[in-house]
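Student: All I have is the shape, not the residue letters:
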RNA sequence: GGGGGCGUGGUCCAGUGGUCUAGGACGUUGGCCUUUCAAGCCAAAGAUCGCGGGUUCAAAUCCCGUCGCCCCUACCA
């Protein structure tokens, strides 16, 4: 029997990193076993589900490059199937009406056990489970019923979802059995927590996939990082291509304890991925983020200093547009003869020919020697004059990339700014 | 309250009876490099494996208890 898994988010909010990981694990499992990945939208809560959230989830999955083979199926649109199931349960005596709603009858004694691929055997006493509502008094189906029916109808063989559903599993199992259906295998993956130990939410930083994208993380880096949140291949492997993840991922090796999302580590990993990109490819990614063209040269001289795509603009934006000079940076750098050194640098740069980073370096280093100062005493004023800040790519490359005319013009403007203040 | 799950340095992952005087990564600290910031390289600190007891020649690993955290206990998903 071929494997069928599903990712079943409810469109009541953005897709956060925990959901992304659930989707990824399902996807990896399916892709590694020639299985089918089904996408189902659990939108039976009409109050909180919105089309915007559905679009947002699909967009996030596409960005992550987690393609699905079937769906997206709307759970709400399958309500006829759910209604039929409730009728069947009513008829067979597994369910009964209660003040307009329908409840499923849970045995008073005994217990129910299921095998979980990551947690092992889980046993629950029936006494701890109340007769739960499967159909509201308005006729609409509830989560547990809808999930059981849909998993059955869609031929789902493996349910891979968050550990917050462990306690729902016995209910779904009872439903499936009462319906005469063969239950799927289950695998409950640990939840993701914020640094404070609570469930991940907005206040924990870039928690949604959109935020990750907007911060300039690469989907391949996110996949690699997120895969490692709750799963490890061995004691030392950190970087894995998506193909390797597909090949190596297994539910049995998924950890059982909740993980904390660490954006710093993601940033580090993203930086590593970013540095391996061809400059032209990196430029394409940056352009995708900003929605505008950027000079390839600006990308080339910034690549080593970036951890995320969004680092580009603060670092190399000066090559695209002239910026205002940061007054504090300026003051700090222009103390004790700064203007003189800057003028000397200007003259040297005027002579440099051709205007490439080698000649620029030679010219500026000559100034350093002649004035008998430290390199930074000359380089920093130039840096602030042309970039507006004290942080930029290498100064020689930056100056060369800016070009002689613009460099001199900016130095002049800066010097004028100095005399005016 | 009831039921379920989890507990290895600040964080993620590895280790399920001896090779663990607990391994790798992020982070942190120091150093090198050096024109800024990063990156890179080198080094260091940081864990009585939640706690207590037991089994055993031997336990992070097995058993019992205990504490803490999380989830479910909705006519939410």
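Tutor: Great, that's in hand. A quick note: this is a predicted structure, and the numbers were derived from the prediction, not measured.
Student: which other residues reach stretch A:399-410?
Tutor: A:295, A:297-298, A:301, A:318-319, A:322, A:346, A:349-350, A:352, A:355-357, A:360, A:364, A:382, A:385-386 (Cβ atoms under 8 Å, 6 or more residues apart in numbering). All C-beta atoms are positioned from the backbone trio N, CA, C, and that covers glycine.
Student: hang on, I meant stretch A:259-279
Tutor: For stretch A:259-279, contacts defined as Cβ under 8 Å, 6+ apart pick out A:17, A:190, A:192-195, A:197, A:200, A:204-207, A:212, A:216-218, A:220-222, A:224-225, A:229-230, A:238-239, A:282, A:285, A:296, A:299-300, A:303-304, A:306-309.
Student: anything in that stretch near RNA strand B?
Tutor: Yes - applying Cβ under 7 Å from any atom of the strand, one finds stretch A:259-279 in contact with RNA strand B at A:259-260, A:262, A:264-265, A:267-268, A:271-272, A:275.
Student: which parts of that stretch are buried?
Tutor: A:259, A:261, A:263, A:266-267, A:269-271, A:273-274, A:277 (16 or more other Cβ atoms under 10 Å).
Student: Tell me the one among the residues you listed nearest to RNA strand B.
Tutor: The nearest member of the buried residues of stretch A:259-279 to RNA strand B, counting by Cβ to the nearest atom of the strand, is residue A:259 at 3.7 Å.
Student: Contacts only, for the residue nearest to that closest one when sequence neighbours are not counted.
Tutor: Nearest residue to residue A:259 in three dimensions, chain neighbours excluded: residue A:229, at 4.7 Å (Cβ to Cβ, 6 or more residues apart in numbering). For residue A:229, the contacting residues are A:17, A:21, A:192, A:259, A:261, by Cβ under 8 Å, 6+ apart.
Student: Can you name the residue of the stretch 101-250 of chain A nearest to RNA strand B?
Tutor: residue A:232 (1.7 Å).
Student: What distance do you get for that residue to residue A:32?
Tutor: Relative to residue A:32, residue A:232 is positioned 16 Å away (Cβ to Cβ, to the nearest Å).
Student: Kindly report the same for residue A:381.
Tutor: Separation of residue A:381 from residue A:32 (Cβ to Cβ) stands at 57 Å.
Student: More neighbours: these two, which one.
Tutor: residue A:381 (28 against 16; other Cβ atoms under 10 Å).
Student: Can you tell me, leaving aside adjacent residues, what's nearest to the more buried one?
Tutor: In space, residue A:381 is closest to residue A:342, 4.3 Å off (Cβ to Cβ, 6+ apart).
Student: from what I can see residue A:41 touches residue A:55, true?
Tutor: No - with contact defined as Cβ atoms under 8 Å, residue A:41 does not reach residue A:55; the gap is 10.7 Å.
Student: more neighbours, the two?
Tutor: Neighbour count, other Cβ under 10 Å: between residue A:41 and residue A:55, residue A:41 has more, with 22 against 11.
Student: backbone phi and psi for that one, please?
Tutor: phi -100, psi 120 (degrees, to the nearest 10).
Student: now do residue A:160
Tutor: As for residue A:160, its main-chain torsions (degrees, to the nearest 10) stand at phi -110, psi 110.
Student: how long is stretch A:292-310 from one end to the other?
Tutor: Length of stretch A:292-310, first residue to last, Cα to Cα, to the nearest Å: 13 Å.
Student: quick one: is that stretch near RNA strand B?
Tutor: Yes - using Cβ under 7 Å from any atom of the strand, stretch A:292-310 comes into contact with RNA strand B via A:304-305, A:307.
Student: Can I get the buried ones among these as something I can paste into ChimeraX?
Tutor: Buried residues within those, by 16+ other Cβ under 10 Å, are selected in ChimeraX with:
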select /A:305,307
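Student: how about the helix or strand hosting residue A:53, does it get close to RNA strand B?
Tutor: Taking DSSP states H and E as the definition, residue A:53 sits inside helix A:51-63. No - Helix A:51-63 is not in contact with RNA strand B by Cβ under 7 Å from any atom of the strand; minimum separation 11.3 Å.
Student: Run the chain-centre distance for stretch A:251-268.
Tutor: Stretch A:251-268 sits 13 Å away from the centroid of its parent chain (Cα atoms, centre = their mean, to the nearest Å).
Student: Next up, phi/psi of residue A:15, please.
Tutor: phi -80, psi 110.
Student: Give me the residues contacting stretch A:155-168.
Tutor: So stretch A:155-168 is contacted by A:1-6, A:8, A:18, A:22, A:25-26, A:29, A:35, A:38, A:116-117, A:119, A:122, A:124, A:143-144, A:147, A:150-151, A:184-191, A:251, A:258 (Cβ under 8 Å, 6+ apart).
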